[in-house]
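**Student:** Okay, here's the prediction I keep looking at, along with the sequence it came from:
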Amino acid sequence: MIFNIGISDSIARALLGLALFLAPLVDLPPVWSESIYAYVSMAIGVVLMGTALFRFCPLYRVFGISTCKV
């Protein structure tokens, strides 16, 4: 697999994904009291953590973007 996400981009995605996944669980801020917002937030968090783990983003590939140094 070709990597297209650099280290700093990967760390930022992992932290943001973790925050989006955990925020509905602790209900901070209370906007996640609606279950649909909680599920969407958690799904986006899982996708961000997955792209950080595999260092591959399909949208970056479609648009020809790479933050990974060759």
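**Tutor:** In hand now; what should we look at?

**Student:** how many neighbours does the residue nearest to I5 when sequence neighbours are not counted have?
**Tutor:** Using C-beta to C-beta, 6 or more residues apart in numbering and skipping the chain neighbours, the partner closest in space to I5 is R55 (4.5 Å). (Each C-beta comes from the backbone N, C-alpha and C, glycine too.) Taking other C-beta atoms under 10 Å as the criterion, the count of residues near R55 is 18.

**Student:** likewise L53?
**Tutor:** By the criterion of other C-beta under 10 Å, L53 has 13 neighbours.

**Student:** in what helix or strand does it lie?
**Tutor:** According to DSSP states H and E, L53 maps onto helix 35-54.

**Student:** can you give me how far that helix is from the chain middle?
**Tutor:** What separates the centre of helix 35-54 from the centre of its chain is 6 Å, taken as C-alpha atoms, centre = their mean, to the nearest Å.

**Student:** for stretch 27-43, same thing?
**Tutor:** 16 Å.

**Student:** re the thing from before, for the helix holding L53, what is the average pLDDT?
**Tutor:** For helix 35-54, the mean per-residue pLDDT is 94.

**Student:** before we move on, the earlier item: ok, now which ones touch the residue nearest to I5?
**Tutor:** If a contact means C-beta atoms under 8 Å, 6 or more residues apart in numbering, then R55 has F3, N4, I5, S10, C68 as its contacts.

**Student:** Look up phi and psi at it.
**Tutor:** Dihedral angles of R55 (phi, psi; degrees, to the nearest 10) stand at phi 50, psi 40.
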